[in-house]
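Enquirer: Got a sequence here, can you build the structure:
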Amino acid sequence: MLERNKTQMSRISALLFSIACLIIGMGTAATAHAGATLDRIRTSASLPCGVNTEEPEYSTQDAHGNHVVLDLDICKAVAVAVLGPNAKFTVKSFRDEQDALKALKSGEIALLATGSPNFINTANKGFGFARPIFYDYQAFFVNKTIGIASPRDLAGKKVCYLGGTEIEMQLQSYMQRENIKWLPFPFQEEGEMEAALVTRNCAAVSADVSQLGYERLGFKGVAKDFEILPDVIAKDPLAPTYRLDDPQWAAIVNWTVEALIQAEESGVTQANLPEMKKSDDMVIRRLLGVQRGYGQLIGLDDAWAARVIEAVGNYGEIFERDLGSGSVMKLDRGANRLWTQGGLMYALPIR
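Expert: Numbering: from 1, shown residues only. As a prediction, the model looks like this:
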């Protein structure tokens, strides 16, 4: 009996040892895999970051306008999070989103500052998206001097757009839904389309707001006669994009965006950051690393978010500087306001 018990104990011990080795091995492999992107960036001391210049003459697949200034701030924010205050990032420019996504998939870049989180890009392609940092949308750019104040005023009038694009299909669907009898006026070249609007050959142009903001810049002295209507024809948000093969890297990108939004929610700015570090507010203390232990959960130190805010400001500061009233675009913030102000920006809780 004693001998049999010893044999059973030996078998159990051997089994437990094997299981322990398996668990340790799996844990080690997971840790090594999870940190691969971060390790490469720290080794090279630079973040390879893609920006999309959105050139309509090169490709009509993308509806967005040039938003490089915003993209550069996103690249900088993530680089500072992982490399510190003197972080470097290598900018790789792409003329359309498909080229940028190919570079991301191949590993040429570790981050695409802004990509489109639509069905096609998220369906089994290995791409992940952070929270949208710009809720872009298709709208109408109208000539106020001919009495256009709402989409209803476009009944019986010509509306210009780039033909053979998603913009055209979405515009047709919108007008049908709203039961507006309009006159389609397609173009193949953006400059000709803008000229048609200025010369009153069409009453409105339809495109994404980011594109319309840049079109308005070219109108110079007559820009005051034109405005972007707030009516949403179709949604077209933009979000930082990464590959789905590295959970830790995904968490870093995701939480960089969340930190920027939370900073605005909590009233933390570039200017008041030193004073805010003295706050007793639990959320602010966690955000700025005063309360220790949160940074290590994503492989960073506790001061990472404070560095990001010091480098680029909070989300509101970024928007106003790159797209809003402080920029050449002068876009209304709209859905990009905080949720407390009627917008869609809502930071996930740090806890």
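
Enquirer: Quick check: mean pLDDT of stretch 199-212?
Expert: Averaging pLDDT along stretch 199-212 yields 93.

Enquirer: end to end, how far does that stretch reach?
Expert: Criterion Cα to Cα, to the nearest Å; first-to-last residue distance in stretch 199-212 is 17 Å.

Enquirer: what's the answer for stretch 194-212, then?
Expert: 10 Å.

Enquirer: and that stretch, how far out from the chain's middle?
Expert: 26 Å (Cα atoms, centre = their mean, to the nearest Å).

Enquirer: Give me the buried positions along it.
Expert: For stretch 194-212, a neighbour-count test (16 or more other Cβ atoms under 10 Å) marks 194, 196-197, 202-212 as buried. (C-beta placed from N, C-alpha, C; glycine too.)

Enquirer: how about Leu104, what does it touch?
Expert: Applying Cβ atoms under 8 Å, 6 or more residues apart in numbering, one finds that Leu104 lies in contact with 50, 110-112, 115, 127, 241-243.

Enquirer: tell me which element it falls in.
Expert: Here Leu104, judged by DSSP states H and E, is contained in helix 97-106.

Enquirer: before we move on, back to that, sitting in strands, which of the buried residues of stretch 194-212 do you find?
Expert: 204-208 (DSSP state E).

Enquirer: Count the residues that sit near the closest residue to Met193 other than its chain neighbours.
Expert: Spatial nearest neighbour of Met193, excluding adjacent residues (Cβ to Cβ, 6 or more residues apart in numbering): Phe187 at 4.0 Å. Using other Cβ atoms under 10 Å, Phe187 has 17 neighbouring residues.

Enquirer: just Gly107 next, same as before
Expert: Neighbours of Gly107 using other Cβ under 10 Å come to 12.

Enquirer: List the contacts of the closest residue to it other than its chain neighbours.
Expert: If the residues on either side of it in the chain are set aside, Gly107 comes closest to Arg243, at 7.8 Å by Cβ to Cβ, 6+ apart. For Arg243, the contact set (Cβ under 8 Å, 6+ apart) comprises 104-105, 107, 126-128, 249.

Enquirer: got it, and Val205?
Expert: Going by Cβ under 8 Å, 6+ apart, the list of residues near Val205 reads 140-141, 159-161, 193-194, 197, 212, 215.

Enquirer: In the chain, where is pLDDT below threshold?
Expert: Within the chain, the ranges that satisfy pLDDT under 70 run 1-34, 54-66.

Enquirer: middle-most residue in it, spatially?
Expert: The residue lying closest to the centre of the chain (Cα atoms, centre = their mean) is Ala239, at 2.2 Å.

Enquirer: Now Leu238: phi and psi?
Expert: Phi and psi for Leu238, reported as degrees, to the nearest 10, are phi -130, psi 140.

Enquirer: Look up which residues are beta-bridged to it.
Expert: Beta-bridge partners recorded for Leu238 (DSSP bridges): Phe134.

Enquirer: what about it, neighbour count?
Expert: 26.

Enquirer: Pretty sure it sits against His67.
Expert: Yes - under the criterion of Cβ atoms under 8 Å, Leu238 makes contact with His67 at 7.1 Å.

Enquirer: what do these two both touch?
Expert: Shared contacts of Leu238 and His67 (Cβ under 8 Å, 6+ apart): 114, 134.

Enquirer: Doesn't Ala311 lie inside a helix?
Expert: Yes - when DSSP: H, G, I helix; E, B strand; the rest coil is applied, Ala311 is found to be in a helix.

Enquirer: wait, it sits on Lys76?
Expert: Yes - Ala311 lies in contact with Lys76 (Cβ under 8 Å); the separation is 6.1 Å.

Enquirer: ok, those two, which is more surrounded?
Expert: Lys76 (21 against 18).

Enquirer: which residues touch that one?
Expert: Here Lys76 is in contact with 87, 89, 311-312 (criterion: Cβ under 8 Å, 6+ apart).

Enquirer: that's a strand at it, yeah?
Expert: No - Lys76 is assigned helix when assessed by three-state DSSP, not a strand.

Enquirer: any idea how far it is from Cys49?
Expert: Separation of Lys76 from Cys49 (Cβ to Cβ, to the nearest Å): 9 Å.

Enquirer: list the residues that contact both of these two?
Expert: Phe89.

Enquirer: Now do the strands in this structure.
Expert: 47-52, 89-94, 111-115, 127-129, 137-143, 158-162, 183-187, 204-208, 226-228, 234-235, 239-243.
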